[in-house]
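Asks: Return atomic coordinates for the entry below.
(one chain, ligands or ions: 1)
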Amino acid sequence: MEQDTIKLMKEMAGKAAVDNMVKSGMKLGLGTGSTAIHAVRRVGELLASGALRDICAFATSFQTEIECEKLNIPYFSLNSKELASGLDLTIDGADEVDPLNCLIKGGGGALLIEKIAAYASTEYVITVDESKLTDQLGTGFPVPVEVIPAARIQVTRVLEKLGANVILREAIKKAGPVITEHGNIILDIRFGSPIKSSLMETELNQIPGVVENGFFCVKKPVVYIARSDGTIETRLAS
Ligand code: 5RP
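Replies: Now for the predicted structure:
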């Protein structure tokens, strides 16, 4: 599929989710990435026009915080009095979505805070273009595993025993690995044969040194899928 078409589909999905789901007064989690950014921009547009009021946002990354700053979207810590009781809704993107609405997330490295936002939210919406749909998670797009730097080799060994091919995520425009917003490294893993992603999500987090992993199989989202024919499919969690 052409890059321009994919860009357009990402924008459609982000906008549609905001137009259908976001109401004035909401405590709103805002995701990270090139699809979620369209949802952020739509919220900014609606606030500027007065169509939306009194939004208290939570930004899941520096990227999203900076976009909120540009657009005058008020954002708060999850520990603040504004958001401590939780979020009404989070809108985010994903790297892959399977038929049960299980996800891989973390292509942009923000998986830890994105998962915290998902669990803190009453409603959870994922926005994707149709190229993100897959039948099987874990054998295609690599699953990010956020690991404390001191445990890099030990965790790699355990992941390999579980059947994963492990690649340390390298930075661009900085020598060495990507360092997350929480001071950790990311190991991108891919399995050679099909695995059960919901079980693997739990198993990965039991390895000492793993902070979080990019399987999102527990908190099931509603998925907004932008199709190349210009339509939006809304797929409920089954
Ligand atoms: C960031 C994420 C993103 O939501 C995911 O990588 C999808 O990004 P994009 O919309 O740019 O394809 O999980 O950590």
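
Asks: Contacts (any at all) between the ligand and the lengthiest strand in the chain?
Replies: Counting by DSSP state E, the longest strand found in the chain is strand 121-129. No - Strand 121-129 stays clear of the ligand (Cβ under 6 Å from any ligand atom), getting no nearer than 7.3 Å. All C-beta spots, glycine's among them, are computed from the backbone N, C-alpha and C.

Asks: That strand pairs with which strands?
Replies: Partners of strand 121-129 in the sheet, by DSSP bridges, are strand 87-92 (parallel), strand 222-226 (parallel).

Asks: These: which one's closest to the ligand?
Replies: Between the ligand and the strands paired with strand 121-129, the shortest gap by Cβ to the nearest ligand atom is with strand 87-92, which sits at 5.4 Å.

Asks: ok, residues contacting that closest one?
Replies: Strand 87-92 is contacted from outside by 14, 17-18, 21-22, 26-33, 36, 39, 58, 60, 78, 105, 114, 117-118, 120-127, 221, using Cβ atoms under 8 Å, 6 or more residues apart in numbering.

Asks: and if we set it to 6 Å?
Replies: Contact partners of strand 87-92, identified using Cβ atoms under 6 Å, 6 or more residues apart in numbering, comprise 17, 21, 26-29, 31, 36, 39, 114, 117-118, 120-126.

Asks: How far away from the center of its chain is the longest strand of the chain?
Replies: Centroid separation between strand 121-129 and its chain, computed with Cα atoms, centre = their mean, to the nearest Å, is 9 Å.

Asks: Give the buried residues for that strand.
Replies: 121, 124-129 (16 or more other Cβ atoms under 10 Å).

Asks: Repeat that for stretch 193-209.
Replies: 195, 197, 200-201, 203-204, 207, 209.

Asks: Using a markdown table, lay out those residues together with pLDDT.
Replies: Converted to a markdown table, those look like this (pLDDT from 0 to 100):
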| residue | pLDDT |
| --- | --- |
| Ile195 | 97 |
| Ser197 | 98 |
| Met200 | 98 |
| Glu201 | 98 |
| Glu203 | 98 |
| Leu204 | 98 |
| Ile207 | 98 |
| Gly209 | 98 |
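
Asks: Going along the chain, name the strands of this structure.
Replies: For the chain, applying DSSP E gives strands covering 27-30, 56-59, 87-92, 96-97, 103-104, 121-129, 143-147, 164-168, 185-191, 210-213, 215-216, 222-226, 232-235.

Asks: and the longest helix for this structure?
Replies: The longest helix of the chain (DSSP state H) is helix 3-21.

Asks: between the longest strand of the chain and helix 3-21, how big is the angle?
Replies: 150 degrees (axes from the mean of the first three to the mean of the last three Cα atoms, to 10 degrees).
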